[in-house]
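**Q** need coordinates for the following:
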Amino acid sequence: MRSLLLSTAAIYTVAFANIPEKCKKPAPKSPGVECCEDFDSFITPNIFNGCHEFQPENDDELPPCEAFVCILKNVGIIGADNKVDRTKVKNVLTQKYSGDWAAVGKNSAEKCFTEMERLKSPCEAQTFAICFLKNSIKNCPEKRWKNTKECNDSRNYVVECAEELM
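**A** Numbers count the residues shown, from 1 in each chain. Next comes the predicted model:
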């Protein structure tokens, strides 16, 4: 199973003309699922329920903000105002992330809250989702990381290119 968030980041990066050439191509492998053990316990198929209707027909278009809001509503971290709710994020992380992942989740969320404030993004859900993915992959617990060239190349891609979509 490939992460829809990573696929979205990889496929729709093409929509931006001013991005580095290396970021216009999809990652060779989804580093979240195949490369980082237990990462997919947070990204489950049910978080995409009802969200596919927001996918654009043209692969050269970025999914609308509503797609990211839908996904994060299913995760349980969007408030009634369609904004990322810090308290809900902390609650979900406490439930879903434990052991090696506890610090990764907490630190990723804190970095993303700062990033959302810095960027003043019109779509907090998009900024948070892409930022969280990037930081979780970047900081995958070392003993859970599959240290292969393909996985390392994919991690580098996510870390270097995710910012282009935020």
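**Q** name the SS class of the residue nearest to Asn74 when sequence neighbours are not counted, please.
**A** What sits nearest to Asn74 in space, not counting adjacent residues and going by C-beta to C-beta, 6 or more residues apart in numbering, is Ile47, at 4.3 Å. In short, each C-beta sits where N, CA and C put it, glycine included. Following DSSP: H, G, I helix; E, B strand; the rest coil, Ile47 is assigned to helix.
**Q** ok, now how distant is Ile47 from Cys70?
**A** When C-beta to C-beta, to the nearest Å is applied, the distance between Ile47 and Cys70 equals 9 Å.
**Q** my guess is Arg155 meets Ser136, correct?
**A** No. The pair Arg155 / Ser136 is not scored as a contact, 10.6 Å apart, by C-beta atoms under 8 Å.
**Q** on that earlier part again, the more surrounded of Ile47 and Cys70?
**A** When neighbours are counted by other C-beta atoms under 10 Å, Cys70 comes out ahead of the other of Ile47 and Cys70, with 23 against 18.
**Q** isn't that one up against Gly50?
**A** Yes. Contact status for Cys70 versus Gly50: in contact at 6.2 Å, counting by C-beta under 8 Å.
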